[in-house]
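1. sequence first, then the predicted structure:
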Amino acid sequence: MDAQQTLTGTGLSDALFAERAPARVSPPAPRTVIIVGAGFSGTAVAIHLLRLPHAAPLRVVLVERASFARGVAYARREKSYLLNVPAARMSASSTDPLEFLRYAQRTLPHATAEDFLPRELYGQYLESSLLAAAVASPPHVRLERVHREVIAIEKARRTRALEVYLEDGRRIISHNVVLATGNPQPAPLRGCEEVRDGRYVADPWRAPVAFRAGETVLVAGTGLTMADIVLAGQDAARGRATIHAVSRHGLIPARQGHLQQVHDPCHGPHLLQGASVSLRRLVRDVRALAEESERCGGDWREAITAVRSLVPALWQRLAAHERRRFLRHVRSYWDVHRHRLPERTWSALDDLRRSGRLLVHAGRILAVQSTGRQLRVTWRARGAGASGTLLVDRVVNCTGPEYDLRHTRERLLRSLVVQGLAVSDSLALGIATDEFGRLVDTSGRAAANLYYIGPMLRPRYWETTAVQELRAHAERLACHLALPAGSWASA
């Protein structure tokens, strides 16, 4: 045993070396990394940080106002929602693609790689992975969990550290802060601000929805959230509610299929070249790829899967005006083809449409007014000159998150915007960041130690909501934060 090892012990070995050993030196204070939010993104960063080697002491503080390792998507709920992606593509680790499937098979022995499993089970998997990473980490690397809400982050006056303020008045000093706050709330629907008695549901994930038999409901939005809320609501109403779903194009997500993963290296350069030319050329090339897949006995979804891995590079190749054209003309069609529903979920929605219990409309909601115990919704069908009205018992906002920082109602994000530490991008898609996820301030400078990970990375990558994209960002960010002290600030 060498002297250094002996000096870390106690008792007789300390006495034997007392004369020749130097005076004890206090161990260096650990570098602190605070992760705000413990949904998938925050939990994944924590897991990978704990798994990486660290020469110096490290303190990882995971702060969450709700359930750790679950967030909104994988929370425990009365309704058993399904994942929208097969089990084989849901691992939190890119180096072990079947990690989640193996975990699921402990509870569901017959689960296969192509099964769409319960979201609650995925939350259990993330909880288990976080605990395992914390237990396996060396003594000088530790995880702390704080069950509170972060309300503000400020730069320390005399150091490069950040001060993180909690709702209970406490303050934590941190060398690095990672914002992993998840999806913001939806933008409020026009005319619903004064409806306070449960007839208007501003965010269905924060306020559980249970429809009643015989009532008429308007759902604003026809995407993945609509599908979940409509099916859960009809279960509560025993299938006897009438639901109107309205969105600009009236499109609902396509259904998933059992597809072969497409890895043709010839597609990449051709599509990238198309993106460099124009959006029109790129759309034409993707359509041609889908048609080719079907001519060869495949499925159009294989083409979307092939394009998916190229999306960040394609998005970055598009000129700013072409991105605007995409948002205006193509986005809705991309979303319903890219973000698809499990067969079981899609079939249940189709049954409701066939029975007349779900009516999907293309149009815009113009106003919502209270009239007695009901709500009068004024809307205009797509392509129509005149508006119409619907008399409903309830309105549910399923329009999706409000990504424009200028209109955010999130207290922490508002604080960062006011200080000039966070800014929206020119298209109002999310938070402006650099290639490492560092926030870009109002002067255009990237922060030295304030990072973001999650769906509001869309300005740089566009697709940043699925596990496959977010785990890559989490792994990269964890590796960046694990660099020796000093190098992460200038990397």
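-> Yep, that arrived.
2. how many residues are close by the nearest residue to residue 103 once chain neighbours are set aside?
-> Closest residue to residue 103 apart from its sequence neighbours, by CB to CB, 6 or more residues apart in numbering: residue 125 at 4.7 Å. The C-beta positions use only the backbone N, C-alpha and C, and glycine is treated the same way. The number of residues packed near residue 125 is 25, by other CB atoms under 10 Å.
3. cool, and residue 390?
-> 19.
4. and it, that's in a helix?
-> No - Residue 390 sits outside any helix when classified using DSSP: H, G, I helix; E, B strand; the rest coil, being strand.
5. which element is the residue lying closest to it once chain neighbours are set aside on?
-> Distances taken as CB to CB, 6+ apart put residue 377 closest to residue 390, at 4.5 Å, once the chain neighbours are dropped. Residue 377 belongs to strand 374-381 when assigned by DSSP states H and E.
6. what's that strand packed up against?
-> Applying 3 or more CB pairs under 8 Å, 6 or more residues apart in numbering; DSSP states H and E, one finds that strand 374-381 contacts strand 358-371, strand 388-392, strand 394-397.
7. most tightly surrounded among those?
-> The highest mean neighbour count among the helices and strands packed on strand 374-381, using mean count of other CB atoms under 10 Å, belongs to strand 394-397: a mean of 24.
8. that one: how far from the chain's middle?
-> 23 Å (CA atoms, centre = their mean, to the nearest Å).
9. with stretch 359-378 instead?
-> Stretch 359-378 has its C-alpha centroid displaced from the chain centroid by 30 Å (CA atoms, centre = their mean).
10. just to revisit the earlier point, what mean pLDDT does the strand holding residue 377 get?
-> Strand 374-381 shows a mean pLDDT of 94 in the predicted model.
11. that one: which residues count as buried?
-> Buried residues in strand 374-381, counted by 16 or more other CB atoms under 10 Å: 374-375, 377-379.
12. try stretch 286-306
-> Buried, per 16+ other CB under 10 Å, within stretch 286-306: 286, 289-290, 293, 299-306.
13. what does stretch 325-340 give?
-> Across stretch 325-340, burial judged by 16+ other CB under 10 Å covers 325-326, 332, 334-340.
14. which ones among those lie within helices?
-> The helices, defined by DSSP state H, take in 325, 332, 334-338 from the buried residues of stretch 325-340.
15. ok, back up a step: as CSV, the buried residues of strand 374-381 with distance to residue 179 would be great.
-> Shown next, in CSV, are the buried residues of strand 374-381 (distance: CB to CB, whole Å):
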residue, distance to residue 179
374, 41
375, 36
377, 36
378, 38
379, 36
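16. of those, which pair is most distant in space?
-> 374 and 379 (15.2 Å; CB to CB).
17. remind me which residues of this protein are low pLDDT?
-> Scanning the chain with the threshold set as pLDDT under 70 gives 1-28, 258-267, 485-491.
18. so the residue nearest to residue 390 touches residue 364, yeah?
-> No - the pair residue 377 / residue 364 is not scored as a contact, 10.9 Å apart, by CB atoms under 8 Å.
19. any idea how far residue 211 is from the residue nearest to residue 390?
-> As judged by CB to CB, to the nearest Å, residue 377 and residue 211 stand 16 Å apart.
20. and stretch 44-53, what's buried?
-> Buried residues in stretch 44-53, counted by 16+ other CB under 10 Å: 44-52.
21. hmm, I was thinking of stretch 240-260
-> Within stretch 240-260, the residues that count as buried by 16+ other CB under 10 Å are 241-247, 250-256, 259.
22. need the max-distance pair from these.
-> Spatially, the most separated pair among these is 242 and 259, at 35.0 Å (CB to CB).
23. output the contacting helices and strands for the helix or strand containing residue 292.
-> Using DSSP H and E, residue 292 maps to helix 279-295. With contacts taken as 3+ CB pairs under 8 Å, 6+ apart, helix 279-295 sits against helix 267-277, helix 300-308.
24. got these as CSV, with distance to residue 224 columns?
-> Converted to CSV, the helices and strands packed on helix 279-295 look like this (distance: least, CB to CB, whole Å):
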stretch, distance to residue 224
helix 267-277, 25
helix 300-308, 15
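25. so which elements touch whichever helix or strand the residue nearest to residue 103 is part of?
-> Here residue 125 sits within helix 119-136, counting by DSSP H and E. Using 3+ CB pairs under 8 Å, 6+ apart, the elements in contact with helix 119-136 are helix 40-51, helix 99-107, strand 141-146.
26. now do the shortest one: which elements does it pack against?
-> Using 3+ CB pairs under 8 Å, 6+ apart as the contact definition, the elements that strand 141-146 packs against are helix 40-51, strand 58-63, helix 119-136.
27. show me where the stretch 151-300 of the chain has its strands.
-> 162-166, 171-174, 176-179, 200-201, 216-220, 242-247 (DSSP state E, counting those that start in this stretch).
28. circling back to that earlier point, angle of the helix holding residue 292 against helix 300-308?
-> Computed by axes from the mean of the first three to the mean of the last three CA atoms, to 10 degrees, the angle separating helix 279-295 from helix 300-308 equals 140 degrees.
29. residue 340 and residue 112: what is the separation?
-> Separation of residue 340 from residue 112 (CB to CB) stands at 18 Å.
30. do residue 72 as well
-> For residue 72, the distance to residue 112 - CB to CB - is 27 Å.
31. ok so, going back, what are the bridge partners for the residue nearest to residue 390, then?
-> Beta-bridge pairing of residue 377 under DSSP bridges involves residue 368, residue 390.
32. ok, it - contacts?
-> The neighbours of residue 377, taking CB atoms under 8 Å, 6 or more residues apart in numbering as the test, are 218, 365, 367-368, 389-392, 395.
33. let me know the closest of those to residue 282.
-> In terms of CB to CB, no member of the contacts of residue 377 lies closer to residue 282 than residue 365, at 31.5 Å.
34. from residue 247, how far out is the closest one?
-> Remark: distance between residue 365 and residue 247 (CB to CB) = 9 Å.
35. okay, the helices and strands packed on strand 141-146 in a markdown table with distance to residue 97 next?
-> A markdown table is the format used below for the helices and strands packed on strand 141-146 (distance: least, CB to CB, whole Å):
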| stretch | distance to residue 97 |
| --- | --- |
| helix 40-51 | 15 |
| strand 58-63 | 25 |
| helix 119-136 | 14 |
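36. just tell me which of those ends up closest to residue 30.
-> Closest to residue 30 of these is strand 58-63 (CB to CB; 4.2 Å).
37. who are the packing partners of the closest one?
-> By 3+ CB pairs under 8 Å, 6+ apart, strand 58-63 packs against strand 31-36, helix 40-51, strand 141-146.
38. which neighbours in the sheet does that strand have, and how are they oriented?
-> When pairing is defined by DSSP bridges, strand 58-63 lines up against strand 31-36 (parallel), strand 141-146 (parallel).
39. so what's residue 111 closest to, chain neighbours aside?
-> Leaving aside its sequence neighbours, residue 111 sits nearest to residue 104 (CB to CB, 6+ apart; 4.9 Å).
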